[in-house]
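>>> structure here, sequence nowhere to be found:
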């Protein structure tokens, strides 16, 4: 069940954390307050008037709490950015080094991206695959099978597969099992290819 985040509760917890840091003297950037000019001017005016000294102390406290809140938010953003970077690195490694050929293609069958296994499968450089039509790597007689697969997926099929051959002319040297599905944002087609050992070569 989707849970709505209560922003007021988040702010309350952040403020409580900032207050506890101030009381314990463990602020993220202890002693380095960066007050604005207007805030400093107002603080000076209040502290110069004995009748408003209490207000000056309250204002100073509020400014300190606000500064600590900003520091805590910044620390959390840095930590989140680091975690996202590590997660992205992991997925890049999985994508590139998984022992299956992966392709990202557009609805016209043009390769947008491929992994190392895909390049090795077809004996071509990984960068050289980008911009190529995926059907150029398939046996001419089997291209209608691949075109049909891509058309079904482009028209809304949640996922489908076919077996095609690799080779020149009527001679097929290897067969591939190709699984296709649309990307979550429905802008591309994702292909996973592996050699089909159960199919006899011609």
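Right, received. Where do you want to start? What you see is a predicted model; the values in this text were computed from it and never measured. Numbers count the residues shown, from 1 in each chain.

>>> check which helix or strand covers residue 162.
Under the criterion DSSP states H and E, the helix or strand holding residue 162 is strand 160-166.

>>> what helices or strands is that strand leaning on?
helix 143-154, strand 174-182 (3 or more CB pairs under 8 Å, 6 or more residues apart in numbering; DSSP states H and E). For every residue, glycine as well, the C-beta is placed using N, CA and C.

>>> the helix ranked longest in the chain: what's the following helix or strand?
What stands out as the longest helix in the chain, according to DSSP state H, is helix 53-97. Using DSSP H and E, the helix or strand that follows helix 53-97 in sequence is strand 101-105.

>>> for that following strand, buried residues please.
For strand 101-105, the neighbour count (16 or more other CB atoms under 10 Å) marks 101-105 as buried.

>>> can those residues go into CSV with extra columns for pLDDT?
Compiled in CSV, the buried residues of strand 101-105 are given as follows (pLDDT from 0 to 100):
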residue, pLDDT
101, 93
102, 94
103, 94
104, 95
105, 95
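
>>> coming back round to it: okay, the angle between the longest helix of the chain and strand 101-105?
In terms of direction (axes from the mean of the first three to the mean of the last three CA atoms, to 10 degrees), helix 53-97 departs from strand 101-105 by 120 degrees.

>>> in the protein, where is pLDDT below threshold?
Counting by pLDDT under 70, the chain shows low-confidence ranges at 1-57, 59-61, 63, 168-172, 197-202.

>>> let me see the domain layout of it.
Under automatic domain parsing, the residue ranges defining each domain of the chain are 7-95, 99-195.

>>> how long is the last one end to end?
Which is domain 99-195. End-to-end distance for domain 99-195, by CA to CA, to the nearest Å: 11 Å.

>>> over to stretch 94-113?
14 Å.

>>> circling back: other SSEs contacting the longest helix of the chain?
helix 7-24, helix 37-48, helix 116-122.

>>> assumed residue 185 was part of a helix.
No. Counting by DSSP: H, G, I helix; E, B strand; the rest coil, one finds residue 185 to be coil, located in no helix.

>>> OK, contacts around residue 189?
Contacts for residue 189 (CB atoms under 8 Å, 6 or more residues apart in numbering) come out as 104-107, 150, 153-154, 180-183.

>>> let's see that with 6 Å instead.
Residues counted as contacts of residue 189 (CB atoms under 6 Å, 6 or more residues apart in numbering) are 105, 153, 180, 182.

>>> buried members of those into PyMOL, please.
A single PyMOL command selects the buried members of the contacts of residue 189 (16+ other CB under 10 Å):
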select buried, resi 105+153+180+182
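
>>> name the nearest residue to residue 95, sequence neighbours excluded.
Nearest residue to residue 95 in three dimensions, chain neighbours excluded: residue 115, at 5.4 Å (CB to CB, 6 or more residues apart in numbering).
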